[in-house]
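In: Have a look; sequence and predicted model below, questions after that.
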Amino acid sequence: MERRYAVFSVKPRFAQALVEGRKGFEFRRARPSLRPGDVVYVYATAPVQAVIGSFVCGHVVEGSPTKVWGEVGAMSETPRAYFRRYFR
């Protein structure tokens, strides 16, 4: 299978954590069409406004916000309150 590429726009504090490997999962309201091994470039939004790095997709977790948080919330470097507002 051919490797695919994507760009995620991410708030700077989360973008840096993704690139550094501290944030193991990025949350999206809509499922991205990614497969394991695909490359995601990380674009840090304002005030940075630049691509700051990339990561290789491991796997995509799908489900209700409650299910997703229970499965990967602890590995996301995302405060639970922020997660809940995002998926409200």
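Out: Good, I have the coordinates. Residues are numbered from 1 along each chain as shown.
In: Identify the residue nearest the geometric centre of the protein.
Out: The centroid of the chain falls nearest to residue 26 when counting by Cα atoms, centre = their mean (1.7 Å).
In: Next one: that one from residue 11, what distance?
Out: Counting by Cβ to Cβ, to the nearest Å, the gap between residue 26 and residue 11 amounts to 11 Å. Yep, even glycine has a C-beta here, placed from its N, CA and C like the rest.
In: and for those two, which residues touch both?
Out: Where contact means Cβ atoms under 8 Å, 6 or more residues apart in numbering, no residue is in contact with each of residue 26 and residue 11.
In: Residue 48: how many residues sit nearby?
Out: For residue 48, the number of neighbouring residues by other Cβ atoms under 10 Å comes to 14.
In: swap in residue 7?
Out: So residue 7, with other Cβ under 10 Å, has 12 neighbours.
In: Quickly find the element holding the residue nearest to it when sequence neighbours are not counted.
Out: Nearest-residue entry for residue 7: residue 41, 4.7 Å, with adjacent residues in sequence omitted and distances by Cβ to Cβ, 6 or more residues apart in numbering. Assignment of secondary structure by DSSP states H and E places residue 41 within strand 39-44.
In: Against which helices or strands is that strand packed?
Out: Contacting strand 39-44 under the criterion 3 or more Cβ pairs under 8 Å, 6 or more residues apart in numbering; DSSP states H and E are the following elements: strand 5-10, helix 12-20, strand 50-56.
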